[in-house]
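Undergrad: Below is the sequence, then the predicted model.
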Amino acid sequence: MTFPMSFVIAQAAPAGGQAPNPLMTFLPLIVLFGVFYFLMIRPQMKRQKEHRNMVSALSKGDEVVTNGGIAGRVEEVGESFITVEIAPNVKIKLQKGAVQQVLPKGSLKSS
């Protein structure tokens with residue numbers, strides 16, 4: 001089926017309407033970034049800050065659990081490493097960042 005040339009040209013011409021608002025174009029992206037920030041980025045930053053504060057507050061005698069699940073008592077605190085006694089006369093040296101949790105005093109004796 002063939003169409004007259006005037007029909008083809010009329011269909012190809014852009015509409016004479018208004019251009020879309022640029023804010024409305026980017027609004028879904030802005031809202032999506034806001035949702036990601038409040039649901040993912042902000043809580044992760046809060047956890048990192050809490051972990052940094054916990055690690056910097058480590059002192060001799062604290063009872064800790066490492067990322068590997070090893071529980072012990074801190075014997076020595078260095079700049080980036082700590083020494084943890086996991087059994088009588090058994091000490092291991094760990095990076096401070098490997099400490100997952102500080103236990104309440106006396107937790108190791110009760111278990």
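TA: Ah, there it is. Residues are numbered from 1 along each chain as shown.
Undergrad: now the strands: where do they sit in the chain?
TA: 63-66, 71-77, 81-87, 90-95, 99-103 (DSSP state E).
Undergrad: Ok, which of the ones you listed comes nearest residue 18?
TA: For the strands of the chain, the distance to residue 18 is smallest for strand 99-103, at 57.6 Å, taking Cβ to Cβ. To be clear about C-beta, it is placed using only N, CA and C from the backbone, and glycine gets the same treatment.
Undergrad: re earlier: could you redo the strands of the chain as CSV and give each row mean pLDDT and distance to residue 52?
TA: Formatted as CSV, the strands of the chain follow (pLDDT from 0 to 100; distance: least, Cβ to Cβ, whole Å):
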stretch, mean pLDDT, distance to residue 52
strand 63-66, 96, 15
strand 71-77, 96, 15
strand 81-87, 95, 15
strand 90-95, 96, 13
strand 99-103, 95, 11
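Undergrad: Need the winner for burial among the ones you listed.
TA: strand 63-66 (a mean of 20; mean count of other Cβ atoms under 10 Å).
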